[in-house]
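S.K.: Predicted model and sequence below, questions to follow.
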Amino acid sequence: MKKYILLILILLTFQSPISAQNCSEIFTIYLVRHSEKDYNTNNSTDPPLTKCGEERSEYLSKFLSDVSIKEVYSTDYIRTKSTALPTATAKALQVKEYNANELEDFSQMLLENKKDVLVVGHSNTTGVLAGILVGEDIGAFDLDIYNRIYQVVIYKNKARLHLLHTTFVCDE
């Protein structure tokens, strides 16, 4: 019996560096659209989130609570920053801005940094950015869709896209 335990310990010792090496080659980019915006505001160009949108943003933070997010990105709008903020706060991170008009450059930076990140964008940029990251043509989606999370997993410079759907339902 002692020989088997010793053999298992030896095998685990030799496998540890391999596993650690493989883990450093894997990173994940989560992309979401901002939560529900308030159309009944005086600020029509940069509206805040609705109560429902605030709740969805908190839900996103809880959804990602066990995920090792290293950076949080948002465009320079109240609704995207407000969507990103609960997750950034929970992870003790600052929200960094990116330019949605420069998705190619931004995607290159994300791929070069090799970090687990959350990116908050818009209905006309989130799917597009996910597509750029995986080398596919993915376009914009409908304005009434808020429950999508694009998960792009990169391993050894190969990207795989997973489309997740949250179960959040607003009671408003």
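M.R.: Received it, and whenever you're ready, just let me know what you need.

S.K.: okay, CA-based contacts and neighbour counts for the rest of this
M.R.: OK.

S.K.: need the contact list for the residue nearest the centre of the chain.
M.R.: Centroid-nearest residue in the chain: residue 30, 1.9 Å away (criterion: CA atoms, centre = their mean). Each residue near residue 30 by CA atoms under 8 Å, 6 or more residues apart in numbering is listed here: 116-119, 149-152.

S.K.: Look up phi and psi at residue 108.
M.R.: Dihedral pair for residue 108: phi -60, psi -40, per degrees, to the nearest 10.

S.K.: count of neighbours near residue 85?
M.R.: 20 (other CA atoms under 10 Å).

S.K.: could we number from 235 for the rest of this?
M.R.: Okay, residue one is now 235; in that scheme the one you just asked about reads as residue 319.

S.K.: Give the closest residue to it in space, chain neighbours not counted.
M.R.: Excluding its sequence neighbours, the residue lying closest to residue 319 (CA to CA, 6 or more residues apart in numbering) is residue 329, at 6.7 Å.

S.K.: OK, contacts around that neighbour?
M.R.: Residue 329 neighbours (CA under 8 Å, 6+ apart): 305-308, 315, 318-319, 322.

S.K.: now with 7 Å?
M.R.: Contact analysis of residue 329 by CA atoms under 7 Å, 6 or more residues apart in numbering lists 306-308, 318-319, 322.

S.K.: can you check residue 326 too?
M.R.: So residue 326 contacts nothing (CA under 7 Å, 6+ apart).

S.K.: Just say helix, strand or coil for it.
M.R.: Counting by DSSP: H, G, I helix; E, B strand; the rest coil, the backbone at residue 326 sits in coil.

S.K.: Distance of it relative to residue 343?
M.R.: From residue 326 across to residue 343, the span is 22 Å (CA to CA, to the nearest Å).

S.K.: same question, residue 375
M.R.: Between residue 375 and residue 343 the computed distance is 24 Å (CA to CA).

S.K.: now swap in residue 372 and tell me
M.R.: 19 Å.
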